[in-house]
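Undergrad: Below is the structure, and that's it, no one-letter string:
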């Protein structure tokens, strides 16, 4: 398997948000994974695979509500008792609320994808207005 294309969609650089970019990755020119994210973590940039919020069905009306909701958004029934097992840490809470849609199975594959995505991100970020590389390439010397 080979990453044949990485398309980077930079997020607003002025904001202090941790999300730096959305990425679309193409494998072997025949399979695409969208909504991969480049995120600024406490140890630097990392790649997060696309995920979806988990839902729970209201026993009274059948409406699909976000996991950990106390009441149904449709009929206001109490759905607190229908939840998944109690969660101990914020990381465990995040993992029970979101599930990866697509993800690498082996650490080697994860490292390979992360390397390709972050290389493309660095390249695109350097070309973006406001970056040092962009400013030095687009500076002009004016002679009076």
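TA: Perfect, thanks for sending it. Because the structure is a prediction, the values reported are computed rather than measured.
Undergrad: Give me the buried positions along the helix or strand where residue 108 lies.
TA: Assigned by DSSP states H and E, residue 108 belongs to helix 107-127. Neighbour counts over helix 107-127 (16 or more other C-beta atoms under 10 Å) mark 113, 114, 116, 117, 118, 120, 121, 124, 125 as buried. No exception for glycine: its C-beta is placed from N, CA and C like everyone else's.
Undergrad: residues in contact with the third one?
TA: Remark: with contacts taken as C-beta atoms under 8 Å, 6 or more residues apart in numbering, residue 116 is in contact with 3, 6, 25.
Undergrad: Make sure the first one is actually in contact with residue 113.
TA: Yes - Residue 3 is in contact with residue 113 according to C-beta atoms under 8 Å; the separation is 6.6 Å.
Undergrad: Between the two, which contacts overlap?
TA: residue 25.
Undergrad: can you list the residues that contact the helix or strand where residue 21 lies?
TA: Here residue 21 sits within strand 19-27, counting by DSSP H and E. Residues from elsewhere that reach strand 19-27 (C-beta under 8 Å, 6+ apart): 1-11, 32-40, 45, 47, 113, 116-117, 120-121, 124-125.
Undergrad: at 6 Å what do you get?
TA: The contact list for strand 19-27, computed with C-beta atoms under 6 Å, 6 or more residues apart in numbering, reads 1, 3-11, 32-34, 36, 38-40, 117, 121.
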